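> what would the 3D arrangement of this be:
(4 chains)
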There are 2 protein chains.
Amino acid sequence: MPTIKDVAKLAEVSVATVSRVMNNNGYVNQNTRQRVEEAIKQLNYRPNDVARSLFKGKSKMIALFVPDIMNPFFPQLARAVEDTANKYGYLFVLCNTDNDNEKEIAYLNALLQKTIDGIILVSNTIQVDQINDINVPIIALDRKINSNIISVTVNNREGASQAVRYLKETGCKRIAHIAGPKDVSSAKQRLEGYLDEVQSEEWFTTDYIRYGNYTVKEAYQATEELLSQHPEIDGIFAANDLMGVSVLKAAKNLGFDIPNQLSVIGYDGMELSDITSPTLTTMAQPIYDIGKRAVEILIEKIENSDKEVESEQYQVQLSVKESTHERREVDE
Amino acid sequence: MPTIKDVAKLAEVSVATVSRVMNNNGYVNQNTRQRVEEAIKQLNYRPNDVARSLFKGKSKMIALFVPDIMNPFFPQLARAVEDTANKYGYLFVLCNTDNDNEKEIAYLNALLQKTIDGIILVSNTIQVDQINDINVPIIALDRKINSNIISVTVNNREGASQAVRYLKETGCKRIAHIAGPKDVSSAKQRLEGYLDEVQSEEWFTTDYIRYGNYTVKEAYQATEELLSQHPEIDGIFAANDLMGVSVLKAAKNLGFDIPNQLSVIGYDGMELSDITSPTLTTMAQPIYDIGKRAVEILIEKIENSDKEVESEQYQVQLSVKESTHERREVDE
DNA sequence: TTGTAGGCGTTATCAC
DNA sequence: GTGATAACGCCTACAA
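Residues are numbered from 1 along each chain as shown, chains lettered A, B, ... in the order given. Take a look at the predicted model:
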């Protein structure tokens, strides 16, 4: 690989001049500029980013921490982050953490040594004091870390309430909830949103809440148990689509007719919800948008560190499919 | 961030000594070593990888090119690559190319400027002459590029034949194929494997081959048309699970009883095939294994460039689920 | 056993 | 307008 020196030699100028041409700053004679550009082209010269990084103290790289890219929620988020990072000239580093704090710390250190410019965190395991003194911009995505860390999230609680209200409006009288992990903020908020709608109902019992921990398998078991013990249930709100699909399957296997006997609604709005039969009604998150926005905010902080940025919260949107009834047109 | 100089000052030694301690090479007095280690700990010093990279000409980063991480085949591959890269001390860069050659070239250049140490390519759009003169190790994964580029793949043709043979063995008399894109090597080979088994059958017609291009939507349409025009079909081999799921759905919507009236088999062995009902029988690829192996080979080439490595091909395995019949125990 | 100094490829400051 | 040169942080001859 040719270096700036090779270019300088070929163009018969100093490296300083080549640098000026490259970066388009400082005066440089039209004539010499041309000679330099010729030389660059001739040698197919590309500046070495590592040397640049060393000098500037910036790497033009950002990282995204996710629990596990194999969970179908995250690819879309990762894609949004990569596209946007790319658009602003940043390279994208993906880090799977498995919700393992040790892995998170190991990654954090490795990235800091590489002078990463910024980090986006989807985490419920990181400790605030583990990132508070880091002088690299950090944004929380999807899950809040604490109020000091800027976050981009959706309004989980309100979205969950909407989901449950929709079940009610379409005729459900006994609505259960398959909840996510107890230590994940988004799951907690969705549970709260569910409770907001059902807690004061005379039929409500906490036995209608089961934990599926955002996984296919546990949600399947939870649903089986729930419906066996409570065949009167006619609506289930699953805290994410992955579990919603499991609910669908468990219910069908138990002989439930969906949506006539049992309505099911999920949360996330993943493609997954389109390939099942019946397809899954869901509260769709603007996944790509929040990923994109997180990068934009992060880069603002990176390139203009004194600028104050604020947390943002997005709305989810009902996406009616086949696992629920249509809403009655007339008010009841 | 403290530098090696700060450590040297605190420990009252030269930077060379600190470096020796860090890298454990050259002689250093037990006593001074301790002083240095103290200082390192006290300052919480971590060497700057950018400076190291500049000196060594190596970045300890590898990249993976995939068409689109949102296609559920790739997260597992990406996960395997990341885990393995990590294990050997390399950082993982994910690049989505959308099968767009311009994006590939743009990424290639960006990575080269960052002195990336190696690249793993899942691509059917890259041109051989675009990578032939690059002096960075490159491995093709999942799809071959050409015989000069070392590759890690599965035996697609044989796997496809196995799939079709299984349909035959379980009683299917008219077997169709929903094929992948014509310009993707894995899809071509699976089509060949299908043809190997059916071409000489008296019932065979090329009208039994439809193109779903590895996508949910196109496969759905292709299946609808196929089954409407050819209700005699009693077995479908889909070139990947994504399409297999679509076949399932389209067939069910047309009123086909699966597997009694129509058997369906997919290819890939993704989790997706477990969440449908009926679940999808599939030829399971060792996805994680090939991803892992690609990294191992790549790193061998990086760290020992004169070592000759060879392409590897893995076998796929039949995974019987509910969308096909069990094989008869007695030979027919 | 330890220190000095040059170099990795850039950029920016300061002369000329 | 242009060219030396120091500096970014680290590593490794080479000296001592």
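
> what does the pLDDT read for the nearest residue to residue A:173 once chain neighbours are set aside?
Leaving aside its sequence neighbours, residue A:173 sits nearest to residue A:234 (C-beta to C-beta, 6 or more residues apart in numbering or on different chains; 5.8 Å). Backbone N, C-alpha and C define where each C-beta goes, glycine included. On the pLDDT scale, residue A:234 is placed at 97.

> OK, contacts around residue A:234?
For residue A:234, the contacting residues are A:171, A:172, A:173, A:174, A:175, A:261, A:262, A:263, by C-beta atoms under 8 Å, 6 or more residues apart in numbering or on different chains.

> and if we set it to 6 Å?
Contacts for residue A:234 were tallied using C-beta atoms under 6 Å, 6 or more residues apart in numbering or on different chains; they are A:172, A:173, A:174, A:262.

> out of the residues you listed, who's the most crowded?
Within those, most neighbours by other C-beta atoms under 10 Å in any protein chain shown means residue A:262, with 24 neighbours.

> in terms of helices and strands, where is the residue nearest to it when sequence neighbours are not counted?
Nearest residue to residue A:262, sequence neighbours excluded (C-beta to C-beta, 6+ apart): residue A:256, at 4.5 Å. Taking DSSP states H and E as the definition, residue A:256 sits outside all helices and strands.

> what pLDDT does the model give residue A:256?
Residue A:256 is given a pLDDT of 97.

> on that earlier part again, ok, which pair from the contacts of residue A:234 is furthest apart?
Taking C-beta to C-beta as the measure, the contacts of residue A:234 span a maximum distance of 11.5 Å, between A:173 and A:262.

> phi, psi of the residue nearest to residue A:262?
With angles defined as degrees, to the nearest 10, residue A:256 sits at phi -70, psi 140.

> not counting sequence-adjacent ones, nearest residue to the most centrally placed residue in chain A?
When C-alpha atoms, centre = their mean is applied to chain A, the residue found nearest the centroid is residue A:77 (4.3 Å). Nearest non-adjacent residue to residue A:77, counting by C-beta to C-beta, 6+ apart: residue A:291, 4.4 Å away.

> surely that neighbour meets residue A:78?
No: applying C-beta atoms under 6 Å as the test, residue A:291 and residue A:78 come out as separate, 7.5 Å apart.

> let's verify residue A:173: helix, strand, or coil?
Look at residue A:173: counting by DSSP: H, G, I helix; E, B strand; the rest coil, its state is coil.

> and it, how close does it get to residue B:228?
41 Å (C-beta to C-beta, to the nearest Å).

> and residue A:29, by the same measure?
Residue A:29 is 72 Å from residue B:228, by C-beta to C-beta.

> go on, residue A:28?
Going from residue A:28 to residue B:228 by C-beta to C-beta gives 69 Å.

> more neighbours: which of these two?
residue A:28 (18 against 10).

> element containing the more buried one, please.
Applying DSSP H and E, one finds residue A:28 in no helix or strand.

> quick check: it touching residue A:22?
No: Residue A:28 is not in contact with residue A:22 according to C-beta under 6 Å; the separation is 10.3 Å.

> on the three-state scheme, residue A:139 is what?
Recorded secondary structure, residue A:139: strand (three-state DSSP).

> please read the previous query as pertaining to residue A:188.
Classification of residue A:188 using three-state DSSP returns helix.

> so what's the residue count around it?
Residue A:188 has 19 neighbouring residues, counting by other C-beta under 10 Å.

> look up the closest residue to it, ignoring the ones flanking it.
Counting by C-beta to C-beta, 6+ apart, residue A:182 is the residue found nearest to residue A:188 once chain neighbours are left out, at 7.0 Å.

> need the pLDDT of the one you found.
Listed pLDDT for residue A:182 reads 96.

> find the nearest non-adjacent residue to residue A:51, please.
residue B:54 (5.6 Å).

> mind listing what that neighbour touches?
Contacts for residue B:54 (C-beta under 6 Å, 6+ apart) come out as A:50, A:51, A:54.
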